[in-house]
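Student: coords please:
(chains A and B)
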Amino acid sequence: MNIHINGKAYPLPHENHITVAAALGLYFIEPQQSTFAVALNGDFVGKDDYPHTLVKNGDSVDVLQPIQGG
Amino acid sequence: MSLTIYGKNLDSRLLIGSALYPSPEIMKQALLASGSQVITLSLKRQNPNEKSGQQIWQFLQQIVEQVNGYLLPNTAGCKTAKEAVTLAKMSREIFKTNWIKLEVIGDDYNLQPDPIELLNAAEQLIKDGFKVLPYCTDDLVLCQRLYDLGCEVIMPWASPIGTGKGLMNPYNLETIRLRLPQATLILDAGIGKPSDACLAMEMGYDAVLLNSAVALADNPVLMAKAFAQALQAGEQGYVAGIMAQRQTAHPSTPTLDTPFWHQPQ
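Tutor: Next comes the predicted model:
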């Protein structure tokens, strides 16, 4: 399957689905030390739900961080 | 007199953005010089391995703690209620606040808020426990609808974001103040110079939210001070009671016993 994290494609030929937590593992070096929040296909996923929310073929994960704003 | 936003009392009537400053150090100096206790910020897609988001947040947190203030995350860049609701929930998790500056843009040219999506998003967020500060146009009925939904704070624009054009339609803004006397009204966006902020306060607005006017000034720190003083002057002018305008001239100097050569023939 293929998923996207922040617009970047991640081919996972041997998987049918993975958890959000596992998807973040593809993307992060040290997720536990970072400030971020996650959306899956445009819907918010709370931190407590990372281990049991599934990312499937074609899904998009967005990882957002603080920036300056007006 | 203090400003109250969703039960929180604030000494300053200026809410200020954290974007566009020449450097983080100038931003810090300007934010402190402004006296503001509410600082806006946002979220964007970014790989947390880059650490910059973490650093920005920690930097702003330190400033907010120093001024005993609050962070106000926004939903900048959202074009639908769904996007705004998602971003608000992400912000709440990160920043640990249920305050949200709700922005839902309907037109890319002038970044004009979409009133339909804005109402829809505000309704969903209020049901979910958020304290919504909606950025909206200066449409009286829209402001009324937002207030009726439960938005204690309404933030009509002065003019489009980042234009510095000041108060485009003072009549609309005054009418909103007149018709929504219980709402906390914050003039948001388009402020260019201190006199714009002063004018809003003279109208009876409760506060002003701005960013570009300070960040893009030649001297942001000095401009932040100027805005703080302008807000104070405008507020005091409003509280003092501004004289009614008159159609014709009235002499300030008493006319009784004026010298004979000034007497009418």
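Student: what ranges do the strands span in chain A?
Tutor: For chain A, the strands defined by DSSP state E cover A:2-5, A:8-11, A:17-19, A:37-40, A:43-45, A:54-56, A:60-68.
Student: can I get those strands in TSV including mean pLDDT and mean neighbour count?
Tutor: Where C-beta positions appear, they are placed from N, C-alpha and C, glycine not excepted. Converted to TSV, these look like this (pLDDT from 0 to 100; neighbours: other Cβ atoms under 10 Å in any protein chain shown):
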stretch	mean pLDDT	mean neighbour count
strand A:2-5	96	18
strand A:8-11	94	11
strand A:17-19	96	16
strand A:37-40	96	22
strand A:43-45	98	18
strand A:54-56	98	18
strand A:60-68	94	22
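Student: now these as CSV including distance to chain B?
Tutor: Formatted as CSV, the strands of chain A follow (distance: least, Cβ to the nearest Cβ, whole Å):
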stretch, distance to chain B
strand A:2-5, 9
strand A:8-11, 9
strand A:17-19, 18
strand A:37-40, 4
strand A:43-45, 4
strand A:54-56, 16
strand A:60-68, 3
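Student: residue contacts, the residue in the stretch 151-265 of chain B positioned nearest to chain A?
Tutor: When scored by Cβ to the nearest Cβ, the stretch 151-265 of chain B has B:Asn211 as its residue closest to chain A, at 3.4 Å. B:Asn211 makes contact with A:70, B:16-20, B:40 under the criterion Cβ atoms under 8 Å, 6 or more residues apart in numbering or on different chains.
Student: quick revisit: turn the strands of chain A into a markdown table, including distance to A:Gly25.
Tutor: As requested, those are arranged in a markdown table below (distance: least, Cβ to Cβ, whole Å):
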| stretch | distance to A:Gly25 |
| --- | --- |
| strand A:2-5 | 11 |
| strand A:8-11 | 11 |
| strand A:17-19 | 9 |
| strand A:37-40 | 13 |
| strand A:43-45 | 15 |
| strand A:54-56 | 11 |
| strand A:60-68 | 12 |
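Student: select, out of those, the one closest to B:Ala240.
Tutor: Evaluated over those, closeness to B:Ala240 peaks at strand A:60-68, with 36.8 Å, by Cβ to Cβ.
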